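let me see the structure of the following:
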Amino acid sequence: QVQLVESGGGLVQAGGSLRLSCAASGSIFSIYDMNWYRQAPGKQREMVAVITSGGSTNVADSVKGRFTISRDNAKNTMYLQMNSLKPEDTAVYYCNARIKVKLGIPPSNYWGQGTQVTVSS
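Take a look at the predicted model:
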């Protein structure tokens, strides 16, 4: 059983910062790509940032220069540092990861339950 648990969301004023965490736990053999997605009310879920197991990163144009993704492989944890937040960043943020639970078994896709980020103007 693998779980992804997000934390760090909350209410912040425009221009403020938040740091999200996503901790993976359970029967984990290895973790491949990890991603942050977000979904605003009435909108489709969109990818915000991705980080590979080797540490290569990519972020969406809408958050480039403001959000930074990172991971600590020893802790099976991923982070999203969000600076200069805007009201349009308001959404539920989800973590996603491809995780192999056992040697010889293909990796599967896992999702966290989401954490709300609200940015007031």
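
drop to CA atoms for contacts and neighbour counts, all remaining ones
OK.

count of neighbours near the nearest residue to A91 once chain neighbours are set aside?
Counting by CA to CA, 6 or more residues apart in numbering, the nearest residue to A91 once its immediate chain neighbours are dropped is A40, at 4.2 Å. By other CA atoms under 10 Å, the residues close to A40 number 17.

again with G26
Neighbour number of G26 under other CA under 10 Å is 10.

bridging residues for it?
Beta-bridge pairing of G26 under DSSP bridges involves V2.

give me the phi and psi for M78.
phi -120, psi 150 (degrees, to the nearest 10).

and the gap between the residue lying closest to it once chain neighbours are set aside and G114?
Leaving aside its sequence neighbours, M78 sits nearest to R71 (CA to CA, 6+ apart; 4.1 Å). Taking CA to CA, to the nearest Å as the measure, R71 falls 18 Å from G114.

can you check Y93 too?
From Y93 over to G114 (counting by CA to CA), the distance is 5 Å.

okay, the two: which has more neighbours?
Y93 (26 against 22).

any idea how far N83 is from L20?
Distance from L20 to N83, counting by CA to CA: 11 Å.

out of those two, which sits in the more crowded spot?
Per other CA under 10 Å, whichever of L20 and N83 has more neighbours is L20, with 21 against 17.

is it true that E88 lies in a helix?
Yes - the assignment for E88 by DSSP: H, G, I helix; E, B strand; the rest coil puts it in a helix.
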